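Engineer: I need the structure of the sequence given here:
(one chain, ligands or ions: 1)
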Amino acid sequence: MCSIIGYSGNESAAPVIVKGLRRMEYRGYDSVGVATESENQIGVKKGVGKVADVNSKMNLEDLPGKTGIGHTRWATHGKVTDTNAHPHPSNSGKIAIVHNGIIENFEELKEQLKKDGYDFKSETDSEVIANLLQKNYNVSKNVKETMITTVSELRGHYSFIAMFEDGQLAAARFHEPLIIGVGKENYFLSSDVLGFIEQTDDAVYIDNGQFVLIDQKNMQIFDFSGKEIKPQITKVSKEFADVYKGDYAHFTLKEISEQPETIFKAGENTQDAIKVSSDYLKHAKNVYLTGSGTSYNASLVAKYLFSKYAKIKTESIIASEMQFSPDSIEPNSILIAISQSGESADVLEAVNIAKKANCKIISIINSLTSTLARESDIVIGMNCGPEIGVAATKSFTSQLIILYKIIQELSIEKIEINFQEISTSISKILEEHNEIKKLANEIKGISDIYVLGRGIHYPIAIESALKIKELTYIHAEGIAGGELKHGPLALMDSNVFVIIINPDDSTYHDTLMSAREIKARGAKIIGISDKNSEVYDFWVKLPKTDELTYAICETIPIQLLSYYAALEKESDPDYPRNLAKSVTVK
Ligand code: G6P
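Structural biologist: So this is what the prediction gives:
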């Protein structure tokens, strides 16, 4: 997703901005740019590629001045080109902007601006902001008035930072994140605290419908009508600074390897929130679950758990689908929203729909300072530390652990979950990574992989297929074991691999039968199980345990397999092509 950053202080701005952009690389992007102001002149450098590459080609850091803005772009409107990269200067070159989000009425605004004599160089929606600011500034000659008029004309979801030729920064937030970092003698503006955490841990979270004016000495926040708002400084958790890869080649591998510890932290210190949530859930008329991507897959596991162990019927709705069936949300129900970032636009929209129906919102989130956290009645923290790899790994298992803790409270026949055993089993699987590396070499040339499971292992199969897709670009699909004969069997031949999730629980015999049916059609079988079988071409050994522990443990070899296969295919496991960590646009 796009990241925006701004700096005003007593240091040279461009190197600070480049460093901040590198910290936010995980959000995913295709082009980069920086603009600075020096002696009332704005200079811009931008291009397609990674921060380090564009910086070494164009020397972004050499731009002079102590005020600047920067951007990483994830194309939505207009191709990936140098011209479409941000910052975008206004026609006069006296204002430059960086923008994250979508301006829905950009065509209308562009038409009007063209009639007023403005030209457009890029195909982006963002460039209208620069010229609209210029047009309004020409009338008022006042930055605050310019911002009030401009935000009243923009429709859509956005956060943007504008730099004026006198070195003033102005930034606005409307449904996209924007945070101010307050240093000793400097101010930062950023989409994420990671943009400035090395310099300061004092942050001000700008609310929706607010804008901020910053110069080298002052910061003022206003609502969109121009009323001044008192800034509230929050201390940002220092753990955000802990985002280095350490000894690991990639964040993804680091994050997979952290799981024996992160499962103990999930829901830690939020035991009360878990108890209160369970009480609400016990008495709720209707319970809905929502999320996107991996977080949605966690909601599918939850649906199974609620019905099996607590006899509570729930409905899992993909966050982006909620708007198409808002009437299916019964008033006064409970919505459990699951999101690592707490910033996924689809999830926020789903929450909005549920709130309109007077639902209570219980959320399971990693980023406790996110918009979702602020929109929720109860927040349960995953506490798994920053997840930088675009493909979710440790956040998924943390989500499951929290759901297990809720189920423990709600279960009719009290279930005991041995978290120590889960941790030990994950560690044992991680120790076998060399075996999984060999398997990665086997699958690297394959074009289709299916992952089959039953019961609780079916949503895990769906999540596993998502990991394979994201990291290896191999087509992958999760199949419910019993559905095999209703279609997927037609696809089985010697060109495909099928991963059979088959621990020794109530699903074991039926799933082994599915494996035989597939084998008879010539496909290669990878069995993930605590019991070996002659039907498996490759066996990934699981420690012997119980249904709930299996569900967590069996995801680990598939995360590792996807990671190593990405390396075999020479693709970047941390930043898969075309994807972004946090999708803050619809
Ligand atoms: C993006 C990421 C996925 C993630 C999904 C939901 O699509 O690439 O890895 O699962 O967003 O993110 P969230 O932060 O809401 O859990």
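
Engineer: how about the residues of this structure near the ligand?
Structural biologist: Within the chain, the positions adjacent to the ligand are 292-295, 339-341, 344, 347, 390-392, 579, 581-583 by CB under 6 Å from any ligand atom. All C-beta spots, glycine's among them, are computed from the backbone N, C-alpha and C.

Engineer: which of these fall within strands?
Structural biologist: Members of the residues of the chain next to the ligand lying in strands (criterion: DSSP state E): S339.

Engineer: compare the residues of the chain next to the ligand and tell me which has the most neighbours.
Structural biologist: S339 (34 neighbours; other CB atoms under 10 Å).

Engineer: identify the residues contacting that one.
Structural biologist: 291-292, 295, 347, 363-366, 370, 372 (CB atoms under 8 Å, 6 or more residues apart in numbering).

Engineer: would you mind measuring from it to R577?
Structural biologist: According to CB to CB, to the nearest Å, S339 and R577 sit 23 Å apart.

Engineer: all helices for the stretch 51-200 of the chain, in order.
Structural biologist: With helices called from DSSP state H, counting those that start in this stretch, the stretch 51-200 of the chain shows them at 51-58, 106-115, 127-140, 143-153.

Engineer: can I get those helices in CSV with mean neighbour count and mean pLDDT?
Structural biologist: Shown next, in CSV, are the helices of the stretch 51-200 of the chain (neighbours: other CB atoms under 10 Å; pLDDT from 0 to 100):
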stretch, mean neighbour count, mean pLDDT
helix 51-58, 17, 94
helix 106-115, 15, 97
helix 127-140, 23, 98
helix 143-153, 19, 98
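
Engineer: what would these look like in TSV with distance to Q168?
Structural biologist: Shown next, in TSV, are the helices of the stretch 51-200 of the chain (distance: least, CB to CB, whole Å):
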stretch	distance to Q168
helix 51-58	26
helix 106-115	22
helix 127-140	11
helix 143-153	5
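
Engineer: nearest to A266, out of those?
Structural biologist: A266 lies closest to helix 51-58 among the helices of the stretch 51-200 of the chain, at 32.0 Å (CB to CB).

Engineer: other SSEs contacting that closest one?
Structural biologist: The contact analysis (3 or more CB pairs under 8 Å, 6 or more residues apart in numbering; DSSP states H and E) places helix 51-58 against helix 13-23, strand 31-38, strand 41-48.

Engineer: ok, and what's touching that helix?
Structural biologist: Applying CB under 8 Å, 6+ apart, the external contacts of helix 51-58 come out as 18, 21-22, 25, 31-33, 45-49, 60-61, 72.

Engineer: any idea which of the residues you listed is closest to the ligand?
Structural biologist: Using CB to the nearest ligand atom, E25 is the member of the contacts of helix 51-58 that sits closest to the ligand, with 14.0 Å.

Engineer: for that closest one, grab the count of nearby residues.
Structural biologist: Here the number of neighbours of E25 (other CB under 10 Å) works out to 20.

Engineer: tell me the contacts of it?
Structural biologist: Residues in contact with E25 (CB under 8 Å, 6+ apart) are 50-51, 72, 575.

Engineer: which of those has the most neighbours?
Structural biologist: Among the contacts of E25, T72 has the most neighbours (other CB under 10 Å), with 29 neighbours.

Engineer: measure L567 to the ligand for me?
Structural biologist: Distance from L567 to the ligand, counting by CB to the nearest ligand atom, to the nearest Å: 19 Å.

Engineer: which residues touch the strand or helix carrying A566?
Structural biologist: Take DSSP states H and E as the rule and A566 turns out to sit in helix 555-568. Contacts with helix 555-568, where a contact means CB under 8 Å, 6+ apart, come from 250, 252-253, 256, 259, 391, 393, 396-397, 426, 429-430, 432-433, 436-437, 439-441, 443-444, 451, 460, 463-464, 467-468, 470-472, 474, 499, 528, 540, 542, 572-573, 576.

Engineer: what distance do you get for the residue nearest to V193 when sequence neighbours are not counted to I17?
Structural biologist: With CB to CB, 6 or more residues apart in numbering as the criterion, V193 has its nearest non-adjacent residue at 4.9 Å, and that residue is V236. Going from V236 to I17 by CB to CB gives 19 Å.

Engineer: who has more neighbours out of those two?
Structural biologist: The neighbour comparison of V236 against I17 (other CB under 10 Å) goes to I17, with 29 against 20.

Engineer: got the helices and strands packed on helix 51-58 as CSV, with mean pLDDT columns?
Structural biologist: Conversion of the helices and strands packed on helix 51-58 to CSV gives the following (pLDDT from 0 to 100):
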stretch, mean pLDDT
helix 13-23, 94
strand 31-38, 97
strand 41-48, 96
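
Engineer: for the closest residue to the ligand within the chain, give me its contacts.
Structural biologist: Residue of the chain nearest the ligand, by CB to the nearest ligand atom: G293 (2.7 Å). By CB under 8 Å, 6+ apart, the contact list for G293 reads 344, 392, 466.

Engineer: dump the residue contacts of the second one.
Structural biologist: Applying CB under 8 Å, 6+ apart, one finds that A392 lies in contact with 293-295, 340.

Engineer: for it, give me phi and psi.
Structural biologist: Backbone dihedrals for A392, given as degrees, to the nearest 10, come out at phi -70, psi 130.

Engineer: now the lowest-mean-pLDDT helix or strand in the chain: how far from the chain's centre is it?
Structural biologist: Lowest on mean pLDDT, DSSP states H and E among the helices and strands of the chain sits strand 234-235, with a mean of 76. Offset of strand 234-235 from its chain centre (CA atoms, centre = their mean, to the nearest Å): 22 Å.

Engineer: that one pairs with which strands, and in what direction?
Structural biologist: Applying DSSP bridges, strand 234-235 is found paired with strand 202-205 (antiparallel).
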